[in-house]
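Asks: predicted model and sequence follow; I will ask about them next.
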Amino acid sequence: MAKLVVVRHGQSVWNKENKFTGWVDVDLAEKGVEEANQAGELLRDYRFDAAFSSVLKRANRTLDIILAKIGQSDLHVEKNKALNERMYGDLQGLDKDETREKYGEEQVHIWRRSFDVQPPGGESLKDTADRVIPYFDSEVAPLLKAGKDVVISAHGNSLRALIMHLEGLNKEEILQVEIPTGKPKLYELNDDLSIKSSGFLN
């Protein structure tokens, strides 16, 4: 039986400022550093065989802090843009409240919470899933099937796509899933990657 831990990066500077971030490479806010340290505390009794992250520094730094906290700073981290946050296109850098005023509450809600509607110049959750899931299946799943324990530090929407895949959720169900920053979710997986147990650590 393998363990998979997924964690959304700690609060970023633009999370704090209520901006659409997407692929813009902003750093963690002070609170995000605290959240990453707290995640490391929750994982201090775990040891991982492999680690994965996006290429964005907020996810990388979160994972670095966690690995330092659990004494595994020497563990190689495989970084790939397949795990990047959803690309928000023309909305990146915009204040979310100002965007609602400009485009309307309903339109912004559709962009943020529909499965297959793209914001202007950006990706839908479906587009994000179309890169996250093949990467997981080719790079991560074989390790888990071999009984290796894996940690992934990524983003709200890339993890939403992964959770949809792991838990067999449909496109309506996944839209109700909220993933808090800096809170590890543990999956205990059978050899066929069916879920034996899952839940957020606290």
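Replies: On my side now, so go ahead. A quick note: this is a predicted structure, and the numbers were derived from the prediction, not measured. Residues are numbered from 1 along each chain as shown.
Asks: Provide the secondary structure category for residue 129.
Replies: What DSSP: H, G, I helix; E, B strand; the rest coil gives for residue 129 is helix.
Asks: can you pull the contacts of it?
Replies: Neighbouring residues of residue 129 by C-beta atoms under 8 Å, 6 or more residues apart in numbering: 161, 164-165. Quick note: C-beta positions are derived from backbone N, CA and C, even for glycine.
Asks: same deal with residue 92?
Replies: 20-24, 122.
Asks: also residue 98?
Replies: Listed by C-beta under 8 Å, 6+ apart, residue 98 has no contact partners.
Asks: correct me, but residue 152 touches residue 8?
Replies: No - the pair residue 152 and residue 8 fails to qualify as a contact (C-beta atoms under 8 Å) at a distance of 9.9 Å.
Asks: between these two, which contacts overlap?
Replies: residue 159.
Asks: let's have the contacts of residue 92 in a markdown table, adding pLDDT and neighbour count.
Replies: Listed next are those as a markdown table, based on pLDDT from 0 to 100; neighbours: other C-beta atoms under 10 Å:
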| residue | pLDDT | neighbour count |
| --- | --- | --- |
| 20 | 95 | 23 |
| 21 | 96 | 22 |
| 22 | 96 | 22 |
| 23 | 97 | 18 |
| 24 | 97 | 17 |
| 122 | 97 | 19 |
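Asks: and the end-to-end length of stretch 111-120?
Replies: Using C-alpha to C-alpha, to the nearest Å, the end-to-end distance of stretch 111-120 comes out at 9 Å.
Asks: beta-bridge partners for residue 186, please?
Replies: residue 5, residue 199 (DSSP bridges).
Asks: hang on, it packs against residue 199?
Replies: Yes - applying C-beta under 8 Å, one finds residue 186 in contact with residue 199, separated by 6.4 Å.
Asks: the two: who's more crowded?
Replies: Neighbours were counted for residue 186 and for residue 199 using other C-beta atoms under 10 Å; residue 186 has more, 18 against 10.
Asks: against residue 47, how distant is that one?
Replies: Computed as C-beta to C-beta, to the nearest Å, the residue 186 to residue 47 distance reads 13 Å.
Asks: same question for residue 5.
Replies: Applying C-beta to C-beta, the value for residue 5 to residue 47 is 11 Å.
Asks: hey, what's in contact with both of these two?
Replies: Counting by C-beta under 8 Å, 6+ apart, the contacts common to residue 5 and residue 47 are residue 149.
Asks: quick one, strands of this structure?
Replies: Counting by DSSP state E, the chain has strands at residues 2-8, 50-53, 77-79, 150-154, 185-189, 195-200.
Asks: give me the nearest residue to residue 100, chain neighbours excluded.
Replies: residue 108 (4.9 Å; C-beta to C-beta, 6 or more residues apart in numbering).
Asks: got a list of what that neighbour touches?
Replies: So residue 108 contacts 96, 99-100 (C-beta under 8 Å, 6+ apart).
Asks: compare the residues you listed and tell me which is most surrounded.
Replies: With neighbours taken as other C-beta under 10 Å, the top of the contacts of residue 108 is residue 99, carrying 22 neighbours.
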